[in-house]
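Student: have a look at this prediction, sequence included:
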Amino acid sequence: MSSGIPYTWDTDCIRASATCRAEGRLGKGTKHHPLEIQSTTTKKVVYLSDSGSSSLHTVGERMDWKRLTLVFCWLECASAAGISCRNEQGQAVDWYILYKQPSINDENGLVYLYMDESTGGWVPAHNPIDDQKSALAQTLLPLFQHFTNETINFGYILYNDQPPEPFKTASSSFGHSKGLVMMDQETGIWLSHSTPHFPGFDITGFWPNSGYANGQTFICGTYKYSAFRNIAVQLQYIHVYSFDAYIPEYFYPELQCVVDKGCYPKKTPWDRQLNMTSLGGHSFISYAKYSRYHDDLYSGLLDKHLESAFYAKSWGRLLDPLPSNCSVDFSVYNVETVQLPTTEPYSITKDHSKWCVTMDSKLHRWTCIADMNREVSQEHRGGGAICTDNAAVWSAFLDIVNTYQPCQS
C-alpha cells in the first residue's frame, strides 16, 4: 500500500464494496496516520506501518487477531472508492459487454448475458438487469451516491436521444446515441448502450419500465481520467443529447462543452477515430460521425476500417431501412435473426441492440457495439461505435448471428 492513498473500511459491511459506498460511512487514513473508522457498533483504528502491514485495534483495547480477517472487508471498501465498470459482485473490472435478451412469449425480458476479460465469452448473469445487484447497478453506484450526497471531485454526463421523463425526446439535429460518462480525477467509465429512457435517478428505479420487451446491448470501459478529454471530443462529434450532467469547473473544459450542447464540428473532417487504452491496458477504438458526414455508419464509415465483410445488427422496426450492401469495398450484411445462448432464434423486430461483427476468421476479428441503425434518416445524424479486436468477444457475437439478408442481385 503506497503512502498518501486514502483507505476506507467499515466493520459492519461484509459486502463492503456496495455497502460502504452506498451508506457513506467512510473513514480516511494513510500509511503514516491511523485510520479511524466510524461503525454503527464500534470504533476501530487501523495502523498502517511503513512496510505496508496493518494492525487493527478497538479503541481502548487490543483486538482479537482472529477478527483481523475483517481487513478483507476494509480492502474491499478501498477498491470501491474508485470509478470503474463493476461486475455483479461489485468488483472492479476493466470492461464488460452486456446483452439483455428480449422478452419471448412475454417472459424473461430482464435476463441478460455478461462478458468481461475473465469469462472467455457469454455467461448468464445471476440477477435480473433491473436488480440492485446487476452489473449495471453496481457500476452506477457512485452516480446514485452523488445524487444523494453531492460527492465532491466527481463528474458525469448522461446522454440519450430518448431520455427518461420528464425530459423530452431530442430533435434529429442531435446524435442517435445513448450512454454516459462519469469520472473523478483518477479514473472514469464510458458506458455506451442502446436503451431508451435509461438510466433513472436512483438505484431502485434506474431501469425503465419500457425496458422489458426488447433486446439491448451495453459496453462499459474503464479509463484514466486523462482519456476523457478526447472521449469528450468524440461525444461532440456524435453531438450527443445531454439531459443531465454535473461537471466541476476544474474538470476538462471539453466535458463542459458537451453539457452545453454548443460544441460540435464546424469544418471537415466530419468523422473522427479515437484509439483508446483502458485502465487495464486493453485497446478499443471509437469511431464517431457528425450529421454532416451524410452516410451510413456501417457501410460508409466502419467499412473503411474493419477490412472485412461484416454482419450488421440494427433495430428490426425501421421506417426506411438500408438493405445489405455489396457495392462497397467490404460487404455489409444485415442480420435478420439472432440466437443467444439462452434463447431460440428470434427476429430482430424484438431486438433494439446495434452492433456488428466481421466475418474474417483469420486476420480481422472485429466487433463493434454501436448506437445507430442502418436507416436512411440516420445517414444524416451523428452516431458512433466502440470496437474491439478481442477474439473472445468476436467469437461470442459471430456465434449469435442466426440468419442474414443477402445482397440484392
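Tutor: Ah, there it is. Here the structure is a predicted model, which is why all the values come from computation and not from measurement.
Student: tell me how many other residues surround the closest residue to residue 408 other than its chain neighbours.
Tutor: Setting aside the residues directly before and after it, residue 408 is nearest to residue 323 in space (C-beta to C-beta, 6 or more residues apart in numbering), at 6.1 Å. Yep, even glycine has a C-beta here, placed from its N, CA and C like the rest. Here the neighbour count serves as a burial measure; for residue 323 (other C-beta atoms under 10 Å) it reads 14.
Student: shouldn't residue 323 be in contact with residue 407?
Tutor: Yes: the pair formed by residue 323 and residue 407 meets the contact definition of C-beta atoms under 8 Å, at 7.5 Å.
Student: now do the SS call for the residue nearest to residue 408.
Tutor: Counting by DSSP: H, G, I helix; E, B strand; the rest coil, the backbone at residue 323 sits in coil.
Student: buried sites along stretch 97-105?
Tutor: Applying a neighbour-count criterion of 16 or more other C-beta atoms under 10 Å, one finds 97-104 buried in stretch 97-105.
Student: wait, I meant stretch 137-148
Tutor: Residues of stretch 137-148 classed as buried by neighbour count (16+ other C-beta under 10 Å): 137-146.
Student: among these, which ones are in helices?
Tutor: In helices, judged by DSSP state H, the following of those are found: 137-146.
Student: now, which of those residues sits nearest residue 285?
Tutor: Sorting these by how near they are to residue 285, with C-beta to C-beta, puts residue 139 at the top with 21.8 Å.
Student: let me see the contact set for the closest one.
Tutor: Taking C-beta atoms under 8 Å, 6 or more residues apart in numbering as the definition of contact, the neighbours of residue 139 are 84-86, 189, 191, 220.
Student: go with 6 Å
Tutor: When the contact criterion is C-beta atoms under 6 Å, 6 or more residues apart in numbering, the partners of residue 139 are 85-86.
Student: identify the residues contacting stretch 248-268?
Tutor: When contacts are defined by C-beta under 6 Å, 6+ apart, stretch 248-268 is touched by residues 155, 157, 229, 232-233, 235-237, 239, 242, 245, 247, 290.
Student: export those residues to TSV and tack on pLDDT?
Tutor: Formatted as TSV, the contacts of stretch 248-268 follow (pLDDT from 0 to 100):
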residue	pLDDT
155	98
157	98
229	98
232	98
233	98
235	98
236	98
237	98
239	98
242	98
245	97
247	98
290	98
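Student: select from those every entry located in strands.
Tutor: Assigned to strands by DSSP state E, the following of the contacts of stretch 248-268 qualify: 155, 157, 242, 245.
Student: the first one - how many residues pack around it?
Tutor: By other C-beta under 10 Å, 24 other residues sit near residue 155.
Student: find the nearest non-adjacent residue to it, please.
Tutor: Of all residues not flanking residue 155 in the chain, residue 247 sits nearest, at 4.4 Å (C-beta to C-beta, 6+ apart).
Student: separation between that neighbour and residue 324?
Tutor: 41 Å (C-beta to C-beta, to the nearest Å).
Student: looking at the two now, which is surrounded by more residues?
Tutor: Each of residue 247 and residue 324 had its neighbours counted (other C-beta under 10 Å), and the higher figure belongs to residue 247 (23 against 19).
Student: from what I see, that one and residue 153 are in contact.
Tutor: No: contact criterion C-beta atoms under 6 Å: residue 247 and residue 153 do not qualify, at 11.6 Å.
Student: tell me the SS of residue 300?
Tutor: Under three-state DSSP, residue 300 falls in the helix class.
Student: pLDDT score assigned to it?
Tutor: pLDDT, residue 300: 98.
Student: where does the protein have low pLDDT?
Tutor: Applying pLDDT under 70 to the predicted model, the residue ranges of the chain that meet it are 1-81.
Student: pull the longest strand from it.
Tutor: Ranked by residue count, the top strand of the chain under DSSP E comes out as strand 216-224.
Student: got the contact list for residue 376?
Tutor: Contacts of residue 376 were listed using C-beta under 6 Å, 6+ apart, and they are residue 320.
Student: torsion angles phi and psi at it?
Tutor: Note on residue 376: backbone dihedrals following degrees, to the nearest 10 are phi -60, psi -50.
Student: which element, helix or strand, includes the nearest residue to residue 211 once chain neighbours are set aside?
Tutor: For residue 211, the nearest residue in space outside its immediate sequence neighbours is residue 195; the separation is 5.8 Å by C-beta to C-beta, 6+ apart. Using DSSP states H and E, residue 195 maps to neither a helix nor a strand.
Student: residue 195 contacts residue 216, correct?
Tutor: Yes: in this structure, residue 195 sits in contact with residue 216. The criterion is C-beta under 6 Å, and the distance is 4.6 Å.
Student: relative to residue 234, how far out is residue 330?
Tutor: Between residue 330 and residue 234 the distance, using C-beta to C-beta, works out to 23 Å.
Student: what does residue 336 give?
Tutor: When distance is defined by C-beta to C-beta, residue 336 is 30 Å away from residue 234.
Student: residues contacting residue 272?
Tutor: Contacts of residue 272 (C-beta under 6 Å, 6+ apart): 237, 288.
Student: how near is residue 317 to residue 349?
Tutor: Between residue 317 and residue 349 the distance, using C-beta to C-beta, works out to 5 Å.
Student: can you check residue 94 too?
Tutor: Using C-beta to C-beta, we find residue 94 at a distance of 34 Å from residue 349.
Student: the two: who's more crowded?
Tutor: In this view residue 94 and residue 349 are compared by other C-beta under 10 Å, and residue 94 has more residues nearby, 18 against 14.
Student: list phi and psi for the nearest residue to the more buried one once chain neighbours are set aside.
Tutor: Beyond its immediate neighbours in the sequence, the residue positioned closest to residue 94 (C-beta to C-beta, 6+ apart) is residue 280, lying 3.3 Å away. For residue 280, the backbone dihedrals (degrees, to the nearest 10) come out as phi -90, psi 0.
Student: what about residue 280, distance to residue 125?
Tutor: Per C-beta to C-beta, residue 280 is found 21 Å from residue 125.
Student: do residue 149 as well
Tutor: For residue 149, the distance to residue 125 (C-beta to C-beta) stands at 28 Å.
Student: which one's more surrounded, the two?
Tutor: Neighbours were counted for residue 149 and for residue 125 using other C-beta under 10 Å; residue 125 has more, 23 against 10.
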